[in-house]
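Visitor: coordinates only, no sequence provided:
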């Protein structure tokens, strides 16, 4: 008989006992997201927040922050911080421009040939990784606190970006390059055309359906695996409610996107990154070592973990993800500009903390940080739709960050 | 102090202790680690406020109740802890008057401060510029700064906790002279020390504590007390049924360390482990006995992947083959495991759960095609939970919420799961209650029965006598003695453990 937290099985059992075993703290952030969506759906003029185009914009506008948040949460779990990601993203955007765009206003690059768009993409990520090696070297092998190294990096790479751009913009980018930031899967709806569906993007519908089924299968497989090993699981009612809600939300967003231009390539990229990095953090030794280092550095060292190597690769990874973010920015704006990525490090960091990570390290999840980033994105988007002045927007965002972390601290104290 | 009783959850730290110290005398307190010496001094100095203990204290014939250290310092009771409480980047003068600054109109009067500091420094025989940062002077001089600081507070009763533990011989001698000199000026001192030769030479009276109780107070001049007499008082305890009985099957030698020398990481001239050699056989439990600071942990950690110390030399053999260890991973791969004396700081990720703490050092065993199997981790952790009797609702319980004994079992599980040949257990029963201790002893004996070589480091001599086949004594970094079970006697070991350079010369 598997041990389940479900103590009462009768249909008349009250809600309280049904919800026993639900980790409220972990789920609070999802609930906050839903409340926020509902709030803006009601208040935005003409319910504009729910229109297909707005959903599409939300994804594309926040993609680059969310990519940064993925790398940032890993860095923060290990007990570090990275203040340089905005500058690095700008620098990499400029570098990508040098590789992909011709003619160039910037002098001194004429000897370089014009590379194909895919080479520019790969090249940009490689340069990002090299930037990460630079910072990782100072943090991991010299032992300078990441705060200092990346504060220096923030200036250094902004400076290098300006040097590269020579106070001018680079653009326009080749169309194939731009797809990743601005394009949609089967925008022309040729699949829909051949199937006879005209009003909806058929590719979007298919991808959404596959995604929902895959999510549900994954949830069930996870639960079954835990039950097989006699582990405690969430109460069944809550498990169903949660998964139906989640699947419903994805289906809804996918359906909305199918009425706009379809699924943005940015979203595809994001989902792939989320899956990869959730796996890395939850199921690989590298991920485990990151949590162990953040949880108790001494214990990690005495357990034989090569802390320096882990720290080094963390920053290499952050550099590569900053590069991806930089690519998304220039692809969307169709030009590399000196101000790109300004302040993105702070948005990424607050996404991570809203998403439940701990300042002391050792705690945090990729999905939490993504939701944290979405909360910020939806907040900004909703306030824009309500034509709230930028001053109040900043005030509100500041308060949300503070209260989210305060809630976290408070709920931790309560469970002690 | 009269009838002081202090209880911590699960442990009675002090039981009905009465201590009388007369004006102008030097009163020594000795006892094994954990006998309650430091606790008693913390009560006396107000670290543990009134209300956390039972009993009454009198100072100059009036009852006293302290809420904090400030209260006790106000009356002139000053404690100097073993770990010096100096701020390294501040100057000598600033440290002496820290939180007691000489001010005028709210601003610090530096001329007066330095002048006063100079006077106090002269009293303790310290000739340095008062503006020198404390980090630039040696430990011996730092100790003098602490005493000058105490004098600045108009001290009447000076409590010194292991004042000479970190000092070399000439610095120690200077310090003891200073105490004698203060005594002639009417200052009362209480000194806690493991160095029995010092006690014999300086103290007027000696109170011996054991398991939180006063065993006796010796008058050093009348009773003709020598070191043997003090040792007898410290260790003379009955042993019955506190240790599981077993028969040991001892096999061939598994682990050997030869001529191991380690220097202090902060001071490359200080030898912390001095040419130590030892060996352990399969199925054998070998104790490493020494007073605090003797170099036990330093020996263990330097062998375990050079995780402590610099300038390490010597050879390590596992099963007769010399092994090269550059880092901790090498040590683990060579079959050596080390469980730390401070499980909270160095042993466990307290915010994570039991299963992930157990798997941390052997994560590759749970990994297939690059992915960790969390269900397998859970299964293995459940097995340890049952076999080690870890009292927790599930392997998913957070380690930080467990009791000390159960946390220790998690640490042991972590290392047993590595399947090492040699286990070095540093203070495996520190801070855990009697029942859990017995369980830990049983686990240690089972490990030996499986043919593993086990080294136990402990401050509790009785514990080593109870479970070991053989005990090495270590003092000032040197292995000073090796005693087989048939020759076990606490007096003999205590003699080896307190064998300092002076006593060996004498």
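Guide: Nice, thanks for sending it over. In this text, all values refer to a predicted model and were calculated from it rather than measured experimentally.
Visitor: residues touching the most centrally placed residue in chain A, list them.
Guide: Taking CA atoms, centre = their mean, the centroid of chain A lies closest to residue A:66, which sits 2.7 Å from it. Going by CB atoms under 8 Å, 6 or more residues apart in numbering or on different chains, residue A:66 touches A:270, A:351, A:370, A:373-374, A:377. For glycine as for every other residue, the C-beta is placed from the backbone atoms N, C-alpha and C.
Visitor: now residue B:402
Guide: Counting by CB under 8 Å, 6+ apart, residue B:402 touches B:354, B:390-392, B:410.
Visitor: what do you get if the cut-off is 10 Å, keeping everything else the same?
Guide: With contacts defined as CB atoms under 10 Å, 6 or more residues apart in numbering or on different chains, the neighbours of residue B:402 are B:348, B:350, B:354, B:390-392, B:408-410.
Visitor: repeat for residue B:461
Guide: Residue B:461 touches B:32-33, B:234-235, B:237, B:287, B:289-291, B:471, B:473, B:488, B:490, B:493-494, B:497, counting by CB under 10 Å, 6+ apart.
Visitor: and the contacts of residue B:402, which are buried?
Guide: B:348, B:350, B:354, B:390, B:392, B:408-410 (16 or more other CB atoms under 10 Å in any protein chain shown).
Visitor: and the residue nearest to the centre of chain A, that one's in a helix?
Guide: Yes - remark: residue A:66 belongs to a helix, assigned using DSSP: H, G, I helix; E, B strand; the rest coil.
Visitor: okay, now residue B:135: neighbour count?
Guide: Per other CB atoms under 10 Å in any protein chain shown, the neighbour tally for residue B:135 reads 11.
Visitor: what's the local residue count around the spatially closest residue to it that is not a sequence neighbour?
Guide: In space, and not counting its chain neighbours, residue B:135 is closest to residue B:88: 3.8 Å by CB to CB, 6 or more residues apart in numbering or on different chains. By the measure other CB under 10 Å, the count of residues near residue B:88 is 11.
Visitor: residue B:88 reaches residue B:132, doesn't it?
Guide: No - if you go by CB atoms under 10 Å, residue B:88 and residue B:132 don't touch, sitting 11.5 Å apart.
Visitor: returning to what we had before: tell me the pLDDT of the residue nearest to residue B:135.
Guide: What the model reports as pLDDT for residue B:88 is 88.
Visitor: how close does residue A:151 get to residue A:345?
Guide: 10 Å (CB to CB, to the nearest Å).
Visitor: so which of those two has more stuff around it?
Guide: For residue A:151 versus residue A:345, neighbours defined as other CB under 10 Å are more numerous around residue A:345 (25 against 15).
Visitor: for the more buried one, give me its contacts.
Guide: A:65, A:68, A:72, A:81-89, A:150, A:153-154, A:322 are the contacts of residue A:345 under CB under 10 Å, 6+ apart.
Visitor: pull the most distant pair out of these.
Guide: Maximum pairwise distance among these (CB to CB): 18.5 Å, between A:65 and A:153.
Visitor: burial measure for residue B:47, as a count.
Guide: 17.
Visitor: same check, this time on the one 10 residues further on
Guide: When neighbours are counted by other CB under 10 Å, residue B:57 registers 21.
Visitor: ok, the residue of chain A found nearest chain B - contacts?
Guide: Closest to chain B within chain A is residue A:295: 3.4 Å, counting by CB to the nearest CB. By CB under 10 Å, 6+ apart, the contact set of residue A:295 is A:77-79, A:358, A:360-363, B:348-352, B:356-357, B:360, B:399-400.
Visitor: with residue B:414 instead?
Guide: A:299, A:303, B:337, B:339, B:347-348, B:354, B:357-362, B:384.
Visitor: helix or strand for it, which one?
Guide: Here residue B:414, judged by DSSP states H and E, is contained in helix B:404-416.
Visitor: just the buried residues from the contacts of residue A:295, in ChimeraX please.
Guide: Selection of buried members from the contacts of residue A:295 for ChimeraX, criterion 16+ other CB under 10 Å:
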select /A:77,78,79,358,361,362,363 /B:348,349,350,351,352,356,357,360,399
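Visitor: and the two most separated of the contacts of residue B:414?
Guide: B:337 and B:354 (18.2 Å).
Visitor: from chain A, how far off is residue B:247?
Guide: 33 Å (CB to the nearest CB, to the nearest Å).
Visitor: residue B:356 versus the residue of chain A closest to chain B, what's the distance?
Guide: With CB to CB as the criterion, residue A:295 and residue B:356 are 9 Å apart.
Visitor: quick check: neighbours shared by these two?
Guide: Common neighbours of residue A:295 and residue B:356 (CB under 10 Å, 6+ apart) are B:349, B:399.
Visitor: ok so, going back, among the contacts of residue A:345, which are in helices?
Guide: A:65, A:68, A:72, A:85-89, A:150, A:153-154, A:322 (DSSP state H).
Visitor: can you list those in CSV and add pLDDT and neighbour count?
Guide: Formatted as CSV, these follow (pLDDT from 0 to 100; neighbours: other CB atoms under 10 Å in any protein chain shown):
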residue, pLDDT, neighbour count
A:65, 96, 25
A:68, 98, 32
A:72, 98, 32
A:85, 98, 34
A:86, 97, 28
A:87, 98, 28
A:88, 98, 35
A:89, 98, 32
A:150, 98, 27
A:153, 97, 27
A:154, 97, 18
A:322, 98, 35
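Visitor: quick check: mean pLDDT of stretch B:171-182?
Guide: Averaging pLDDT along stretch B:171-182 yields 89.
Visitor: wait, doesn't residue B:136 sit right on residue B:86?
Guide: No - in this structure, residue B:136 is not within contact of residue B:86 by CB under 10 Å, at 11.8 Å.
Visitor: of those two, who's got more company?
Guide: When residue B:136 and residue B:86 are compared for neighbours, residue B:86 comes out ahead with 20 against 13, by other CB under 10 Å.
Visitor: the more buried one: what's it in contact with?
Guide: If you count contacts by CB under 10 Å, 6+ apart, residue B:86 has them with B:92, B:94-96, B:98, B:134-135, B:137, B:142-143, B:145-146, B:149.
Visitor: nearest to residue B:480, of the residues you listed?
Guide: Nearest to residue B:480 among the contacts of residue B:86, with distances taken as CB to CB, is residue B:143, at 25.2 Å.
Visitor: okay, now that closest one: neighbour count?
Guide: 26.
Visitor: residue B:478 now?
Guide: Counted with other CB under 10 Å, residue B:478 comes out at 21.
Visitor: report pLDDT for it.
Guide: pLDDT, the model's per-residue confidence, is 93 for residue B:478.
Visitor: tally of neighbours for residue B:59?
Guide: Residues contacting residue B:59 under the criterion other CB under 10 Å number 17.
Visitor: tell me the spacing between it and chain A.
Guide: Counting by CB to the nearest CB - residue B:59 and chain A are separated by 38 Å.
Visitor: then residue B:115?
Guide: Counting by CB to the nearest CB - residue B:115 and chain A are separated by 40 Å.
Visitor: and the host helix or strand of that residue, what's buried?
Guide: Residue B:115 belongs to helix B:110-123 when elements are defined using DSSP H and E. Of all the residues in helix B:110-123, those buried under the rule 16+ other CB under 10 Å are B:113-114, B:116-118, B:120-121, B:123.
Visitor: and the helix or strand following it, what other elements does it pack with?
Guide: Reading on from helix B:110-123 to the C-terminus, the next helix or strand found by DSSP H and E is helix B:139-152. The contact analysis (3 or more CB pairs under 10 Å, 6 or more residues apart in numbering or on different chains; DSSP states H and E) places helix B:139-152 against strand B:77-80, helix B:92-96, helix B:110-123, strand B:157-161, helix B:169-184.
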